[in-house]
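[1] Build me a structure from this.
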Amino acid sequence: MIYQISDLYDLTETIAAKLFDGKTYPWEVLPEIGNFILEIGKTLPEEEFEHPSEQIWIHRSVTVAKTATLTGPLIIDADTEVRPGAFIRGNAIVGKNCVVGNSTELKNVILFNTVQVPHYNYVGDSILGTHSHMGAGSITSNVKSDKTLVVVKDGENQIHTGLKKFGAMLGDYVEVGCNSVLNPGTVIGKNTNIYPLSSVRGVIPKNSIFKTGGIAVEKKMK
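    Residues are numbered from 1 along each chain as shown. The predicted structure is shown next:
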């Protein structure tokens, strides 16, 4: 099964909910993130959001380290922490109560509310659902080595995305272990755990554990 938007995300947990209107698969929004930010940024209340430059809106409750680098288009929502050395390269929507950690780089992404990318992460051309977490050193690889367009694969089921750059779609409550690589076109279902040092590709089932050797097993429910 190749998961659709409604299978992966609680859209009440992002300021970007309207961006998903009329779309079936979440990666369809990737080319539109930048323009969407510029549209809704103008509507954000001035008493709540600072507007330090033409393409950047930051909620007044956000903490940004002095050594972080922020490039627009960019929205950072309430009570988020941007730690030292973070590099946000633009076309990024960062939700409420998030952590963007030291030496973490974001580019063309949506982080839903309460997402943590806290240590040495690269997240590009990706969407991370609410309460998802990437362990230290885990990254999304967003371009294939042969530079061909990304195809999402689940066994014999395939969807040609038409995108050259596409990292990973993480459903709500996904946990990614330290130093894992999410290869281009990875889609991870809700409530799934990825073992550390994993190389992940294709569609990973919801409510599962992705173990060493690429084996996904169903979680035992307590």
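[2] if I pick Phe87, what's in contact with it?
    68-69, 103-106 (C-beta atoms under 8 Å, 6 or more residues apart in numbering). In short, each C-beta sits where N, CA and C put it, glycine included.
[3] Which one (most neighbours) among those residues?
    Counting neighbours by other C-beta atoms under 10 Å, the top entry in those is Leu106, with 28 neighbours.
[4] surely that residue meets Gly124?
    Yes. Counting by C-beta atoms under 8 Å, Leu106 touches Gly124, with 7.4 Å between them.
[5] picking up where we left off before, which one of the contacts of Phe87 is nearest to Val143?
    Distance ranking of the contacts of Phe87 against Val143, using C-beta to C-beta, places Glu105 first at 14.4 Å.
[6] From the contacts of Phe87, which land in strands?
    Those of those mapping onto strands are 69, 105-106, per DSSP state E.
[7] quick one: which of those is nearest Lys23?
    Looking at the ones in strands among the contacts of Phe87 and their distance to Lys23, the nearest is Leu106, at 21.5 Å (C-beta to C-beta).
[8] May I see the ones in strands among the contacts of Phe87 arranged in JSON lines, with distance to Glu46 and pLDDT as well?
    Below are those laid out as JSON lines (distance: C-beta to C-beta, whole Å; pLDDT from 0 to 100):
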{"residue": "Thr69", "distance to Glu46": "24", "pLDDT": "97"}
{"residue": "Glu105", "distance to Glu46": "29", "pLDDT": "98"}
{"residue": "Leu106", "distance to Glu46": "25", "pLDDT": "98"}
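[9] nearest to Thr43, of these?
    Checking these against Thr43 with C-beta to C-beta, the nearest one is Leu106 at 22.6 Å.
[10] Kindly export the lengthiest helix in the chain (C-alpha atoms) in CSV.
    Among the elements of the chain assigned as helix by DSSP state H, the one spanning the most residues is helix 33-41. Only the C-alpha atoms of helix 33-41 are listed here, as CSV (Å, rounded to 0.1, in the frame of the first residue of the first chain):
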residue,chain,number,x,y,z
ILE,A,33,6.0,25.1,-0.3
GLY,A,34,7.8,28.4,-1.1
ASN,A,35,5.0,30.2,-2.8
PHE,A,36,2.6,29.0,-0.1
ILE,A,37,4.8,30.5,2.6
LEU,A,38,4.8,33.9,0.8
GLU,A,39,1.0,33.8,0.5
ILE,A,40,0.1,32.9,4.1
GLY,A,41,2.9,34.9,5.7
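[11] so how far is Ile37 from the residue nearest to Asn35 when sequence neighbours are not counted?
    What sits nearest to Asn35 in space, not counting adjacent residues and going by C-beta to C-beta, 6 or more residues apart in numbering, is Pro73, at 7.9 Å. When C-beta to C-beta, to the nearest Å is applied, the distance between Pro73 and Ile37 equals 4 Å.
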